[in-house]
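*Asks:* Task: produce atomic coordinates for the following.
(chains A and B)
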Amino acid sequence: MKIQQTDVLVIGGGLAGQRTAVATRRRGLDTVILSLVPAKRSHSVAAQGGMQASLGNCAKGAGDNEDVHFEDTVRGSDWGCDQIVARMFCHMAPKAVRELAAWGVAWNRVAKGDREVVINGQKVVISEADAAHGLITARDFGGTKKWRTCHTSDGTGHAMLYAVSDRVIGEGIPVLERQEALALIHDGERCHGAVVRDLITGELSVFLARATVVATGGYGRLWGVSTNALINEGMGAALALETGVARLANMEAVQFHPTAIVPAGILVTEGCRGDGGLLLDADGHRFMPDYEPDKKELASRDVVSRRMAEHMRKGKGVRSPYGDHLWLDITGLGAAHIDRNLREVKDICQYFLGIDPARQPIPVRPTQHYSMGGIRTDYRGQSPWLAGLFACGEAACWDLHGFNRLGGNSVAETVVAGMLIGEYVADFCASPEGDLNFSTALARECLEREQASLAAMAAGRGGEDGVAIRRRMEAILTDSVGLFRNGPALESAVAELADLYRRSQRLAMANHGLDANPQLVQAYRLPRMLKLALTVAMGALARTESRGAHFREDFPARNDRDWLNRSLACWRGGEDLPRLDHEVLDVMFMELPPGFRGYGERNIIDHPHTALRQADVDDFREGETDRHKRQTHMMAFKQYLPVQYRGRNERLDERFS
Amino acid sequence: MGRRLTLTVFRHNPREASSRPGTRDYVLDETPGMTLFVALGRIRDEQDPGLNFDFVCRAGVCGSCAMLINGRPGLACRTLTAALPERISLFPLPGFELIGDLSVNTGKWMRAMSERLRAWLHDAGDADPDRLEAPMEPATAEAIYELERCIECGCCVAGCGTAQMRPDFVGAVGLNKIARFHLDPRDVRSDADFYEVVGDDSGVFGCMSLLGCQDVCPKGLSLQTQIAWLRRTLARQGW
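*Replies:* Have a look, this model is predicted:
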């Protein structure tokens, strides 16, 4: 049995995992990163439009600060997020952007003087201040009060991932590529590492670690068409679920992005609309102002996606062999702007659609994009049920996004979470709890179990067709667990997914190799994907209300009275289905009590404490003029941050003396 | 009626003693908008579940799927079959360790190159993330990003005459990185420091200026300009 030992085992080489590793390495801990692919090919690279941070440098960002970012984030989440985590995040985001600037990200900068921009379809001249010249600029994104999205053209994720990956190389942190964790080693109370498979040779080995961090991204590839990379199959979440003790949260909270191209499903950034792009229907009519006269194309993603689907249901979609779609029109921005600020979009349109977006509209429709749900952790990133198991980034649910994530908050979350959770992981390792107290018998048992299971799969004695089962799973999620959901469809989805899960354990194999064998990889991932699909469908069936991206046609109201909570899923060993329960979000601790997001008609069943808490908060607001003190009175959070990150953020209008 | 395509694909498992390098033909009907990503996916699903290839983003941004497409290095995911003849040959990218079939280990090569060239920003280490960031000219930031757009796909190495003869050549990908850090005012290294890592025949003086790298770069980077400029700048170090 090959055993390797390390202090910190990070599973996943995207932005969240790599930034965590830098933090733990700098605290003197041996750190190893496992990655399915070369780290720079992780899905973080695909983030285009930018990262939200309230720097307030550009003219349209003036007056921005953590308070405004916090309110946008909580409203965006439809009050489903953890407000302490949202506060920690908004406080950290400016520090993260500035750290990345020092590490080499070539953020686009403010140029002083007048410039022409497109706002609401009109050309407008804005004037940038002399004092802001050369500082990091920002663009507009949906659901935000200020222009807050920092960017490098529309290749922000690429620039960030390369800077962080280069830093990992510079720190000498090993990234073991083409390695896949197959199981977490644990004793029911403490996680001790993982059994890992080499995707080239097929060899299994054991990694023992004092802390194990899952940063494997989302589970978008459960849907047939997704903007996600092919590797985003939710395997990290599945490993946590298979421990039988760790829990997943809000798995039904799944975001559909308004603008993926048809038919390939490749994302074109929200920056297209942020920079002035419009959504048009089959008649060339700009329809979003009809539905959302205030925010129009720049309403929250869940709202825009639903409005688009609603409009297509009215027969206003453009017919195509690949189903109906709408148009994203950025021709009004001009070729020069597109060449400079939307160049990935231009490439995608050229290579996958054969069109020039400066001259022709882009065919788009809402497409699966982001997993708000994931491995439930506390604000330190640790599973409350399995010590030593941490998670961060899209794989986790420490619960920054609730039921709808704001554009630009995900790449921001990856690096912020890495900065914070890396410190908490290091604190854990420094504490008596973090000592490794371990029996090799447990590791051997776990490894032998995986080995036997792989050998049985490779022999392929069952008769089931893995490709057909996967296609069926994808279709069920697309049809029944998509933008619009209802009880009867979800009930039959759960029943059929449960059947597919049983069948997925008896797959036929044409290729019996134990090394680089894509069919074997499919065979062990498919049952795990189906387990996740069941947590998603059952979570959606149980939640008889509509909140953010979770929309129930049979329960269209947001029901704070009964559903202001977080869904939890646990799958105990030997059981056929996961178990669900719910943890309450306490209104009396909220800095921003539940309210109306301002989209469509108000349709909310209030929580009985909302008015009480609102009165408290109003008193705090009136009694204190200093925004920092006021915030501390309402919901103190800085005690949860590592000491070195508690300082205020300097801005042009909040200069340090 | 669409075309019927024949894909001649390289097959070999270097870890299996009985495996001999060869090709296999796959026939399939072309569909509208079909890319090589779609075609290879269908082959794996319908004809050969053991076929190895690498796609990650399938959107032309991650650099995983570079291969020889009818003899020319390119990204398979964004190559439309409509742009190719009915017979299509697919071979793994030369210059990299073969994993199997069309899959090669570019990641290992790139990490080794980055370590050797110390290809990360060497900052002064004094930035305080609480304070306003140091200003940078907007045009400088854009110029750095222009060079930063490399996706480490390996096409430039596969298209390079020097790399075919010198396995230790750092390739246009490596030299472009040095040019990128050289351009960046935040990097504290001097010309002498850069000369130290690329000032020989395995670096900037090994390039024969055949322009193959620039011809095949999927991101259209100005690789020859960067190499020429770097060579001129660093040659001064040797005087």
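*Asks:* where's the residue lying closest to A:Glu99 once chain neighbours are set aside, which helix or strand?
*Replies:* Distances taken as CB to CB, 6 or more residues apart in numbering or on different chains put B:Pro129 closest to A:Glu99, at 4.8 Å, once the chain neighbours are dropped. All C-beta spots, glycine's among them, are computed from the backbone N, C-alpha and C. Using DSSP states H and E, B:Pro129 falls within no helix or strand.
*Asks:* which residues does B:Pro129 contact?
*Replies:* A:Pro94, A:Lys95, A:Ala96, A:Arg98, A:Glu99, A:Ala102 (CB atoms under 8 Å, 6 or more residues apart in numbering or on different chains).
*Asks:* pLDDT score for it?
*Replies:* For B:Pro129, the pLDDT comes out at 97.
*Asks:* you'd agree A:Tyr351 is in a helix?
*Replies:* Yes - the assignment for A:Tyr351 is a helix, going by DSSP: H, G, I helix; E, B strand; the rest coil.
*Asks:* Can you report how many residues lie near the closest residue to it other than its chain neighbours?
*Replies:* In this structure, A:Tyr351 finds its nearest non-sequential neighbour in B:Arg78, 4.1 Å apart by CB to CB, 6+ apart. The number of residues packed near B:Arg78 is 23, by other CB atoms under 10 Å in any protein chain shown.
*Asks:* any idea where the helices of chain B begin and end?
*Replies:* For chain B, helices defined by DSSP state H occupy the ranges B:36-46, B:106-117, B:138-148, B:155-158, B:161-165, B:171-183, B:191-198, B:212-216, B:223-235.
*Asks:* out of those, which comes closest to chain A?
*Replies:* helix B:106-117 (2.8 Å; CB to the nearest CB).
*Asks:* list the contacts for the closest residue to chain B within the stretch 101-250 of chain A?
*Replies:* Proximity of the stretch 101-250 of chain A to chain B (CB to the nearest CB) peaks at A:Gly134, 2.9 Å away. Residues near A:Gly134 by CB under 8 Å, 6+ apart: A:Arg109, A:Val110, B:Pro135, B:Met136, B:Glu137, B:Pro138.
*Asks:* again, but for B:Glu86
*Replies:* Contacts of B:Glu86 by CB under 8 Å, 6+ apart are B:Arg3, B:Arg4, B:Leu5, B:Thr6.
*Asks:* partner residues bridging the last one?
*Replies:* For B:Thr6, the beta-bridge assignment (DSSP bridges) gives partners B:Val27, B:Arg87.
*Asks:* Relative to the whole chain's centre, how far out is stretch A:208-218?
*Replies:* Relative to its parent chain, stretch A:208-218 has a centroid offset of 16 Å by CA atoms, centre = their mean, to the nearest Å.
*Asks:* Could you give the bridge partners of A:His257?
*Replies:* A:Thr367.
*Asks:* Return the residues in contact with it.
*Replies:* A:Thr227, A:Leu267, A:Glu270, A:Arg301, A:Ser305, A:Pro366, A:Thr367, A:Gln368, A:His369, A:Tyr370.
*Asks:* now do 6 Å
*Replies:* Residues counted as contacts of A:His257 (CB atoms under 6 Å, 6 or more residues apart in numbering or on different chains) are A:Thr227, A:Thr367, A:His369.
*Asks:* do the same with A:Pro642
*Replies:* Contacts of A:Pro642 (CB under 6 Å, 6+ apart): A:Glu423.
*Asks:* Pull up the gap between it and A:Gly418, please.
*Replies:* Per CB to CB, to the nearest Å, A:Pro642 is found 12 Å from A:Gly418.
*Asks:* circling back: is the residue of the stretch 101-250 of chain A closest to chain B in a helix, a strand, or coil?
*Replies:* Once three-state DSSP is applied, A:Gly134 turns out coil.
*Asks:* Would you mind naming what in chain B lies close to chain A?
*Replies:* Proximity of chain B to chain A, by CB under 6 Å from any CB of the partner chain, involves residues B:15, B:45, B:49-50, B:52, B:55-57, B:59-62, B:64, B:78, B:99-100, B:107, B:114, B:120-121, B:123, B:127, B:129-133, B:135-136, B:138, B:141, B:144-145, B:148, B:152.
*Asks:* Can you pull the phi and psi angles for the closest residue to B:Ala66 other than its chain neighbours?
*Replies:* Of all residues not flanking B:Ala66 in the chain, B:Cys153 sits nearest, at 4.1 Å (CB to CB, 6+ apart). Main-chain torsions, B:Cys153, degrees, to the nearest 10: phi -80, psi -20.
*Asks:* hang on, isn't B:Cys153 packed against B:Gly63?
*Replies:* Yes - contact status for B:Cys153 versus B:Gly63: in contact at 3.5 Å, counting by CB atoms under 6 Å.
*Asks:* Find the residue closest to residue 149 in space, skipping its chain neighbours.
*Replies:* With no chain named, the answer covers chain A. In this structure, A:Thr149 finds its nearest non-sequential neighbour in A:Gly50, 3.7 Å apart by CB to CB, 6+ apart.
*Asks:* my bad, the chain I had in mind was chain B
*Replies:* Here the residue nearest B:Arg149, using CB to CB, 6+ apart, is B:Lys219, at 4.9 Å.
*Asks:* The residue nearest to A:Gln255 when sequence neighbours are not counted: how many residues sit nearby?
*Replies:* Once flanking residues are discounted, A:Gln255 sits nearest to A:Tyr370: 3.9 Å by CB to CB, 6+ apart. Residues near A:Tyr370, counting by other CB under 10 Å, number 26.
*Asks:* Tell me how far A:Tyr370 lies from chain B.
*Replies:* 15 Å (CB to the nearest CB, to the nearest Å).
*Asks:* For chain B, give me the ranges with low pLDDT.
*Replies:* Counting by pLDDT under 70, chain B shows low-confidence ranges at B:1.
*Asks:* quick one, domains of it?
*Replies:* Structurally, chain B divides into domains by automatic domain parsing as follows: B:4-103, B:107-238.
*Asks:* roughly how far is the longest one from the heart of the chain?
*Replies:* Same thing as domain B:107-238. 13 Å.
*Asks:* Could you find the closest non-adjacent residue to the residue most central in space within chain A?
*Replies:* With distances taken as CA atoms, centre = their mean, the residue of chain A nearest its centroid is A:Glu394 (3.7 Å). Distances taken as CB to CB, 6+ apart put A:Gly218 closest to A:Glu394, at 4.2 Å, once the chain neighbours are dropped.
*Asks:* Can you name the residues that contact that neighbour?
*Replies:* Contacts for A:Gly218 (CB under 6 Å, 6+ apart) come out as A:Asn232, A:Ser371, A:Glu394.
*Asks:* between those, which is nearest A:Glu71?
*Replies:* A:Glu394 (23.1 Å; CB to CB).
*Asks:* Correct me if wrong: the closest one contacts A:Ala215.
*Replies:* No - in this structure A:Glu394 lies outside contact range of A:Ala215 using CB under 6 Å: 8.5 Å.
*Asks:* for chain B, what are the nearby residues on the stretch 451-600 of chain A?
*Replies:* A:Val467, A:Ala510, A:Asn511, A:Asp515, A:Ala516, A:Gln519.
*Asks:* returning to what we had before: can you list the contacts of B:Pro129 in JSON lines and add pLDDT?
*Replies:* Formatted as JSON lines, those follow (pLDDT from 0 to 100):
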{"residue": "A:Pro94", "pLDDT": "98"}
{"residue": "A:Lys95", "pLDDT": "98"}
{"residue": "A:Ala96", "pLDDT": "98"}
{"residue": "A:Arg98", "pLDDT": "98"}
{"residue": "A:Glu99", "pLDDT": "97"}
{"residue": "A:Ala102", "pLDDT": "97"}
